[in-house]
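Colleague: Kindly generate the corresponding structure for this input.
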Amino acid sequence: MDTNDLALVRAIHELHSLSAAADQLGMAPPLATKRLAAIEARLGQRLFLRTTRRVSPTAEGEIVYAHATRLLAGFQALEDELAERQTDLAGDINLASTFGFGRLWLGPAVAHFQQQHPRIRVQLQLTEQLPELSAQQLDGAVWLWAIQGPQAGRWTSRRLARNQRVLAASPAYLAQYGTPSRPEDLAGHTCLVVRENGGAGGQPFDLWQLQHTRDRSSTRVQVQGTLASNSGELVRDWCLAGHGIMLRSLWDIAPALASGALVPVLPAWAMPDADIHWVAPWRAQTPKRVRLLVDYLVEQFKGEPWRR
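Modeller: Take a look at the predicted model:
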């Protein structure tokens, strides 16, 4: 088996689909099917069970996947170590981010970083769902909460900046419908729901978890409203137009709060775990160019520039 075979086994295992794996690796699906059949024939073992909807690994497939992952990581570490010896930084950085933060803050920062290192090529993928970073050959992602669940043990994380998701509404909305005085009052208001980025921690989009900024007590409120979108920017615009109360990150609405276009609602409460993080698959050695980018982002977002 060569590295292309190993990469195919890894991609099929992580994406649970032959066609998705073929697309990820830039192969035609029939070629991927034929290549997998050749691998299985060479090993004398069935590695995956195929149905019309899903591909599942056999016990032997799990063993091959584990070895493939380690071997590919070893090859990558070898290439990275040799690249470290170059005095002139060069190579690719592939990363992902959420749409809103990616467009407003990360995109300009990455462009400036690339200007400082002209031999580095950066590809930024904006997405609503956190991708399978290894399967899509991404060096990492800039995401708006820390990694939890099974991925936490396989990935590394570093906080780039502090952030809060806060409640806000327009002065016109509050003048017409009143200002909530307790989190429970939100259930009686029109709330604008953002359905993006997979839901923090996997919780429903319309279940708002709030934490008191002083005593750290927490509560959950089931909200309702007639407007929802997978675009945070659109929900922000609805809020500015007086259509309801929203829960939105300070990196997006701090200027509107400062100008008075939006008013804080329940200012002693905010959504926990909204900091901005760099998350990446665990690697024995992270390439220097990636480490430099992460250090640069930490410096760029130090002091929360959206508050200025």
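
Colleague: For the chain, which segments are assigned as strands?
Modeller: Counting by DSSP state E, the segments of the chain that form strands are 48-50, 55-57, 91-97, 120-126, 140-143, 155-161, 165-169, 191-194, 207-212, 218-222, 228-229, 245-249, 263-271, 276-281.

Colleague: What lies in contact with the third one?
Modeller: When you say that, I think you mean strand 91-97. Applying Cβ atoms under 8 Å, 6 or more residues apart in numbering, the external contacts of strand 91-97 come out as 83, 106, 110, 119-127, 130-131, 133, 136-143, 287, 289-290, 293. Heads up, the C-betas are built off the backbone N, CA and C, glycines and all.

Colleague: if we can go back for a sec, of the strands of the chain, which is nearest residue 74?
Modeller: Of all the strands of the chain, it is strand 276-281 that lies closest to residue 74, at 13.9 Å by Cβ to Cβ.

Colleague: Identify the neighbouring strands of the closest one in the sheet and state each direction.
Modeller: Applying DSSP bridges, strand 276-281 is found paired with strand 140-143 (antiparallel), strand 155-161 (antiparallel).

Colleague: which stretches of the stretch 201-308 of the chain have low pLDDT?
Modeller: Counting by pLDDT under 70, the stretch 201-308 of the chain has low-confidence residues at 201-203.

Colleague: at 90 what do you get?
Modeller: 201-206, 213-216, 230, 271-274, 281-288, 302-304, 307-308 (pLDDT under 90).

Colleague: number of nearby residues for residue 4?
Modeller: 11 (other Cβ atoms under 10 Å).

Colleague: can you check residue 265 too?
Modeller: Using other Cβ under 10 Å, residue 265 has 21 other residues around it.

Colleague: where's it relative to residue 145, distance?
Modeller: Relative to residue 145, residue 265 is positioned 22 Å away (criterion: Cβ to Cβ, to the nearest Å).

Colleague: Show the buried residues in the contacts of strand 91-97.
Modeller: Buried members of these, scored by 16 or more other Cβ atoms under 10 Å, are 106, 110, 120, 122, 124, 127, 130, 133, 136, 138-143, 287, 289-290, 293.

Colleague: surely residue 205 meets residue 191?
Modeller: No - applying Cβ atoms under 8 Å, one finds residue 205 not in contact with residue 191, separated by 10.6 Å.

Colleague: Who has more neighbours out of these two?
Modeller: Ranked by neighbour count (other Cβ under 10 Å), residue 205 and residue 191 place residue 191 first, with 26 against 17.

Colleague: Quick check: closest non-adjacent residue to residue 19.
Modeller: Among residues not flanking residue 19 along the chain, residue 29 sits closest, at 4.8 Å (Cβ to Cβ, 6 or more residues apart in numbering).

Colleague: Now do the contacts for the one you found.
Modeller: 18, 19, 22, 23.

Colleague: Reformat those residues as TSV; add distance to residue 236 and pLDDT.
Modeller: TSV is the format used below for the contacts of residue 29 (distance: Cβ to Cβ, whole Å; pLDDT from 0 to 100):
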residue	distance to residue 236	pLDDT
18	40	88
19	37	88
22	39	88
23	33	88
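
Colleague: Buried subset of those residues as a PyMOL selection?
Modeller: To isolate in PyMOL the members of the contacts of residue 29 that are buried, counting by 16+ other Cβ under 10 Å, one can use:
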select buried, resi 18+22
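
Colleague: Save the strands of the chain as TSV, and put in distance to residue 4 too.
Modeller: Converted to TSV, the strands of the chain look like this (distance: least, Cβ to Cβ, whole Å):
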stretch	distance to residue 4
strand 48-50	17
strand 55-57	18
strand 91-97	18
strand 120-126	21
strand 140-143	24
strand 155-161	25
strand 165-169	43
strand 191-194	41
strand 207-212	44
strand 218-222	48
strand 228-229	41
strand 245-249	41
strand 263-271	44
strand 276-281	19
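
Colleague: Much appreciated, bye for now.
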